[in-house]
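Asker: Got a sequence here, can you model it:
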Amino acid sequence: MKTVESRIAAWLDEVVIGLNLCPFAAKPRRNQQIKIDICTACDDADILEAVYQALTDLAQTDPAITDTTVLVVPNALHDFEHYLDVLSMAENLIDHFGWRGTFQLASFHPQYCFDGCEPDDAENLTNRAPYPCFHLIREDSMSRALAHYGQDPETIPARNIACVSALTASQRAALFPWLSTDEDA
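Answerer: Just a heads-up that it's a prediction; the model follows:
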């Protein structure tokens, strides 16, 4: 699983932080507060158990040690629509265990496609990762980051779309090597 972890670490460093798609990621990454957790499960129930366990671990860990967790699922959820179904169930876990307002989930997938977009639209690159991922975020940490951001956070998505849209085919190929070459043409 070291290869999976190294690919996710490279994606965090080169894409998420390197392109500044998440202006809040650099500090916790620099401080080694982002946990990359690999879930080798292949079925939905075991994946949801891993999400629950990752949320429980995060709830029991000092944010100074682990501020956020990226749960990576390399062996399953390859179909994006199926991934969205499991994401919805993971969101239900947050509600069921009373963690709404404490945690939120961000979603990343190799085939990520925003509602209303075509699969080849550049803006989908903002949420494309080498493997299906669930990003478990502490609401308190996000609130603090937003308070210190100094800009309107509502501008982040448009800035990100402009950033990835401006990438050349060779830049896309270098930053997103797991995507088919058809998308880079």
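
Asker: hang on, residue 9 in a helix?
Answerer: Yes. Residue 9 forms part of a helix when assessed by DSSP: H, G, I helix; E, B strand; the rest coil.

Asker: And it, how close does it get to residue 130?
Answerer: Here residue 9 is placed at a distance of 10 Å from residue 130 (C-beta to C-beta, to the nearest Å). Just so you know, the C-beta spots here come from the backbone N, C-alpha and C atoms, and that holds for glycine as well.

Asker: which one of those two has more residues nearby?
Answerer: Using other C-beta atoms under 10 Å as the criterion, residue 9 and residue 130 rank with residue 130 on top: 22 against 14.

Asker: can you pull the pLDDT of the more buried one?
Answerer: In this prediction, residue 130 carries a pLDDT score of 98.

Asker: burial of the residue lying closest to residue 131 once chain neighbours are set aside, as a residue count?
Answerer: In this structure, residue 131 finds its nearest non-sequential neighbour in residue 74, 4.5 Å apart by C-beta to C-beta, 6 or more residues apart in numbering. Look at residue 74: counted by other C-beta under 10 Å, it has 19 neighbours.

Asker: mind listing what residue 74 touches?
Answerer: Contacts here follow C-beta atoms under 8 Å, 6 or more residues apart in numbering; on that basis residue 74 touches 1, 4, 38, 40, 131-132.

Asker: Also residue 160?
Answerer: By C-beta under 8 Å, 6+ apart, residue 160 lies in contact with 19, 21, 123, 126.

Asker: Just the buried residues from those, in ChimeraX please.
Answerer: Buried residues within the contacts of residue 160, by 16 or more other C-beta atoms under 10 Å, are selected in ChimeraX with:
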select :19,21,123,126
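
Asker: Tell me which two in the contacts of residue 160 are the farthest apart.
Answerer: 19 and 123 (12.9 Å; C-beta to C-beta).
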